[in-house]
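In: Sequence and predicted structure are below.
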2 protein chains.
Amino acid sequence: MIKNDLFLRALKGETVNRPPVWMMRQAGRFLPEFMEIRKKYDFFTRCRTPELASEITVQPIRRFGMDAAILFSDILVIPQAMNIEVEMKPNFGPYLPNPVRDQKGVDKVIVPNVHETLDYVYKAIKMTKEKLNNEVPLIGFAGSPWTILCYVVQGQGSKTFDKAKEFCFTNPVAAHQLLQKITETTIAYLKAKVAAGVDAVQIFDSWGGMLSPVDYQEFSWQYINQIVEALKDEAPVIAFGKGCWFALEEMANSNVSALGVDWTITPQNARKFTQNKVTLQGNFDPSRLLSPPTEIKKMVHKMIDDFGKDKYIVNLGHGILPNIPLENAKAFIDAVKEYKSIK
Amino acid sequence: MIKNDLFLRALKGETVNRPPVWMMRQAGRFLPEFMEIRKKYDFFTRCRTPELASEITVQPIRRFGMDAAILFSDILVIPQAMNIEVEMKPNFGPYLPNPVRDQKGVDKVIVPNVHETLDYVYKAIKMTKEKLNNEVPLIGFAGSPWTILCYVVQGQGSKTFDKAKEFCFTNPVAAHQLLQKITETTIAYLKAKVAAGVDAVQIFDSWGGMLSPVDYQEFSWQYINQIVEALKDEAPVIAFGKGCWFALEEMANSNVSALGVDWTITPQNARKFTQNKVTLQGNFDPSRLLSPPTEIKKMVHKMIDDFGKDKYIVNLGHGILPNIPLENAKAFIDAVKEYKSIK
């Protein structure tokens, strides 16, 4: 049904001529056509208006021809739907004026009817699918419950999320209640996204790497795994834990279709830790897209050789940076399309 | 000569009854007696006045009785000595008004006569040694050349040090010149510290974990290793790379006496990656000092059991946080002193 199904075949572990490629945050800030839209509409207006979200989603596909699209949205639409105020401040990032810091705060958080409150997302998915016209698959995403908790408790971005960790370590009962509410909301939300048409889902655990291996199991992975278990029969699930190399072995034993890895792990170690059980996705250092295009192409070819072309999805190790020249992003995508296996 | 030589014996890999303990950043912000001094003197006055720096250094030893003292100072005294302006802004952190961003900037950076420009540090060491009265050893420290470059190029703290990485990836020739100048300054500085009386030195690579394994070798480790080679016959060298788990194997094959590890690696993996070749130091999550004291003690005992009591120095996985209650810090130190090997 989908003309270019390279991405879905890689998720199934099938043999391919070359790996598929997309870039985290490809729909957004480094594209001039996106910046035009950004001038006119604020962040959450872009998320909440299906015409805008779908347009932004297909912009990078038109320009570069990635093998998958990812819906333009934000992980913080979930806490918003759960009755927690979230603002996006220019030159600052997310700001939550009433962070949750105690049991009373947790009690106030609701598990919403996601079909009503997040209706705009499913409309955006349907509109995007029409625009994509079955050319490439569409990915839907959510933040991991731990990563959402980080923002909900800290109230803003942070280098250490010390307040979020303090809350978990001094009030674990309330923390687990909050994580469970986020998990339930996320499961319902991702199921509705699949029903609306996304072909795969990715869970972003941006701040899992702040936790020790023991705390990661307790406060992050068990909740991600609940989502994986609830979704596995509906769509392929990709779990990406930034800095979570230490949990890869356990993650590979779950029902994920793929695991995302960041650039601090070698392809060899990523394969070793996951025992070649799952498809891997990653892991080009986003800052390395500042190297000259000829160097980028060499590094991409080496990366594919090192991961192996099968059970592999080429991506960055985190979101693309706003200051990446278009020709460098193009070199990254083209390098994959030009790839010829040496084996 | 030093009455409590547990720390120095652990660095040599000798068998001990219990491991030694100290805490990164123990001289500073979480202590009320430090906050009294901080009210009266600004940051660099505290660093540059031997009476103040030595007093701050011995404060935690008096209160908690750690097995080693670490000189109160800052890694940014090095760029200051190299003719780069560094301010410490309250509620902001380091600020360098004229960051180095090009070849011209690198050319202006000098390799100073560290005996003259950093004379106040050696005076502080001599005064601290007198105050310590040979009770416990004194550690001197420096930032890794890569970590210093991060601040010198970025101009301030950062979540990604994207400008520092951009500089290295787009202008590697100038970046390597800058790294070499920092390395030479650091070697001379640490040798002078040893001559002034420190019993061991630690190199802090706070931002090494921002780099891929390949880039880490190129932009960080080779320079740290130059320092290790230059210092190894003068004093034991501890290298601590936050987030640098991926380089531990290579680091363990060098002439370091010990390697610091952060809390994202299990003791078992830390031993495995370093093949039990060197003493390890770490790795309690600083945020976990917010747990109740009884829990802290249990976690510390488990940590010692997991690392093994020999070739091990108990520490945090990064600096102590400002909001840690005194009784929790005390529980951490006491837990080590009360430790009885189960084996």
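Out: That came through fine.
In: mind checking which helix or strand the residue lying closest to A:I148 once chain neighbours are set aside is in?
Out: Spatially, and ignoring its direct neighbours in sequence, A:I148 is nearest to A:I182 (5.0 Å; Cβ to Cβ, 6 or more residues apart in numbering or on different chains). In this view, the C-beta of every residue, glycine as well, is placed from N, C-alpha and C. Assigned by DSSP states H and E, A:I182 belongs to helix A:172-196.
In: Show me what secondary structure element comes after that helix.
Out: The C-terminal neighbour of helix A:172-196 among helices and strands, as given by DSSP H and E, is strand A:200-205.
In: what's the angle from that next one to helix A:172-196?
Out: Per axes from the mean of the first three to the mean of the last three Cα atoms, to 10 degrees, the angle that strand A:200-205 makes with helix A:172-196 is 160 degrees.
In: Counting neighbours, what do you get for the residue nearest to A:I148?
Out: Under the neighbour criterion other Cβ atoms under 10 Å in any protein chain shown, A:I182 is assigned a count of 26.
In: A:M82 is in contact with that one, correct?
Out: Yes: if you go by Cβ atoms under 8 Å, A:I182 and A:M82 touch, sitting 7.2 Å apart.
In: Just the buried positions in the helix holding A:I182, please.
Out: A:174-176, A:178-194, A:196 (16 or more other Cβ atoms under 10 Å in any protein chain shown).
In: For the stretch 201-343 of chain A, which residue gets nearest to chain B?
Out: A:S287 (3.9 Å; Cβ to the nearest Cβ).
In: doesn't that residue fall inside a strand?
Out: No: under DSSP: H, G, I helix; E, B strand; the rest coil, A:S287 falls outside any strand and is assigned helix.
In: since we're on it, how many residues are nearby?
Out: Neighbourhood size, A:S287 [other Cβ under 10 Å]: 28.
In: ok, it - contacts?
Out: A:L321, B:T160, B:D162, B:K165, B:E166, B:F169 (Cβ atoms under 8 Å, 6 or more residues apart in numbering or on different chains).
In: again with A:T128
Out: Neighbouring residues of A:T128 by Cβ under 8 Å, 6+ apart: A:A53, A:S54, A:T57, A:V58, A:A69, A:L71, A:L138, A:G197.
In: same thing with A:D162?
Out: A:Q154, B:S287, B:L321, B:N323.
In: And A:V121, by the same measure?
Out: A:A53, A:L71, A:S73, A:V77, A:Y189, A:A192, A:K193, A:A196.
In: can you pull up the bridge partners for the spatially most central residue of chain A?
Out: With distances taken as Cα atoms, centre = their mean, the residue of chain A nearest its centroid is A:F204 (4.2 Å). Here A:F204 sits in beta bridges with A:G143, A:F240, going by DSSP bridges.
In: Can you show me the strands along the stretch 101-250 of chain A?
Out: Per DSSP state E, counting those that start in this stretch, the stretch 101-250 of chain A carries strands over the ranges A:138-143, A:200-205, A:237-241.
In: Can you tell me which of those strands is most buried?
Out: Of all these, strand A:237-241 has the most neighbours on average by mean count of other Cβ atoms under 10 Å in any protein chain shown, namely a mean of 27.
In: what does the average pLDDT come to for that one?
Out: Averaging pLDDT along strand A:237-241 gives 98.
In: Pull the residues that contact it.
Out: By Cβ under 8 Å, 6+ apart, the residues outside strand A:237-241 that reach it are A:11, A:24, A:139, A:144, A:200-205, A:208-209, A:220, A:224, A:227-228, A:231, A:247, A:251, A:254-261, A:281-282.
In: do stretch A:193-200 as well
Out: With contact meaning Cβ under 8 Å, 6+ apart, stretch A:193-200 is reached by A:2, A:7-8, A:11, A:68, A:71, A:121-123, A:125-126, A:128-129, A:137-140, A:201, A:231, A:234-238, A:257.
In: And it, end to end?
Out: End-to-end distance of stretch A:193-200 (Cα to Cα, to the nearest Å): 9 Å.
In: I'd like the distance from it to the chain centre, please.
Out: Its chain's C-alpha centre and that of stretch A:193-200 lie 15 Å apart, by Cα atoms, centre = their mean, to the nearest Å.
In: Find the closest residue to chain B in the stretch 101-250 of chain A.
Out: For the stretch 101-250 of chain A, Cβ to the nearest Cβ, closest residue to chain B: A:K165, 3.9 Å.
In: and that residue, what does it touch?
Out: By Cβ under 8 Å, 6+ apart, A:K165 lies in contact with A:M210, A:L211, B:D285, B:S287, B:L290.
In: What pLDDT is listed against it?
Out: We have a pLDDT of 97 for A:K165.
In: do A:S291 as well
Out: Here, the pLDDT recorded for A:S291 equals 96.
In: Counting neighbours, what do you get for the nearest residue to it once chain neighbours are set aside?
Out: Excluding its sequence neighbours, the residue lying closest to A:S291 (Cβ to Cβ, 6+ apart) is B:F169, at 5.0 Å. Residues near B:F169, counting by other Cβ under 10 Å, number 19.
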